[in-house]
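model this:
(one chain, ligands or ions: 1)
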Amino acid sequence: MKVYFCGSIRGGRDDVHLYRKIVDKLQSYGTVLTEHVSSSELSNRGEDATVAGEKAIHDRDVDWLRQCDVVVAEVTQPSLGVGYELGRAVDMKKKIFCLFRPSSGRSLSAMIRGADDGNLFVVRDYSEDELENILEEFFNNLK
Ligand SMILES: O=c1[nH]c(=O)n([C@H]2C[C@H](O)[C@@H](COP(=O)(O)O)O2)cc1CO
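Take a look at the predicted model:
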C-alpha cells in the first residue's frame, strides 16, 4: 500500500514530532511516499528549492498523490500546501483521512471539516495519546 502523508512545512513546523509519530505508524502499513514531511531536519523553508525547484516539488508531489492508495493528513497547523493537496486528492477520488487536535485551541477550516462525507473524506478529532489506536482502526477498516 502506498500512503501519501500531508503535514505543514512552510505553514510552520510546530507539530513535526507528531508527524514523525504518524509516519512511523503508517510505515507499518505500507510505503509512505512523503516521509520527508516528518523529518526534524526539514525546516519551514522547505526542501532545497535550489536543487529541486518549486515546480519539481509540486510536480513530484502531485504525481505521488496520483500513485497513492490513501491520503493521511495532520491538519491542525494550517498549511496552504496541505489544503491544496487535499483538494487535488478529492478530485482524484482518493480515500482521505484528516487528523485534527482540538486541544490546539484552533478551529479547523470549514473547507476541510465540511468536506467530510463519512466515506472517502473523513475528519477525525484526536488527542496525541489516541493516535496509534485511531490509525489502527482506520487501516483495519480499509481492509
Ligand atoms: O518543500 C516542500 N516539500 C513538500 O513536499 N511540500 C508538500 C508536502 C506537505 O504535505 C505540504 C506542505 O505545504 P506548506 O509548505 O504550504 O505547508 O506540501 C511542501 C514544501 C514546501 O512548501
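
low-confidence ranges in this structure?
49-52, 143 (pLDDT under 70).

So which elements touch the longest helix along it?
For the chain, the helix with the greatest residue count under DSSP state H is helix 54-67. Applying 3 or more C-beta pairs under 8 Å, 6 or more residues apart in numbering; DSSP states H and E, we find helix 54-67 packed against strand 2-6, helix 80-91. C-beta coordinates here come from the backbone N, C-alpha and C atoms, glycine included.

Which SSE is immediately downstream of the host helix or strand of I96?
Assigned by DSSP states H and E, I96 belongs to strand 95-100. Where DSSP H and E defines the elements, the next helix or strand beyond strand 95-100 is helix 110-113.

which residues are in contact with that next one?
Outside helix 110-113, the residues that touch it by C-beta atoms under 8 Å, 6 or more residues apart in numbering are 75, 83, 86, 98, 100, 123.

Also stretch 92-101?
Contacts for stretch 92-101 (C-beta under 8 Å, 6+ apart): 4, 18, 22, 65-66, 68-76, 86, 89-90, 108, 112-113, 116, 120-128, 131, 134, 138, 142.

switch to 7 Å and redo it
Applying C-beta atoms under 7 Å, 6 or more residues apart in numbering, the external contacts of stretch 92-101 come out as 65-66, 68, 70-76, 86, 89-90, 108, 112, 120-127, 138.

filter the residues you listed to the buried ones?
65, 68, 70-76, 86, 89, 108, 112, 121-123, 126, 138 (16 or more other C-beta atoms under 10 Å).

Measure how buried the residue of the chain found nearest the ligand is and give me the count.
Distances from the chain to the ligand, computed as C-beta to the nearest ligand atom, single out G81 as the nearest residue at 1.9 Å. Around G81 there are 18 other residues, counting by other C-beta atoms under 10 Å.

Great, nothing more from me.
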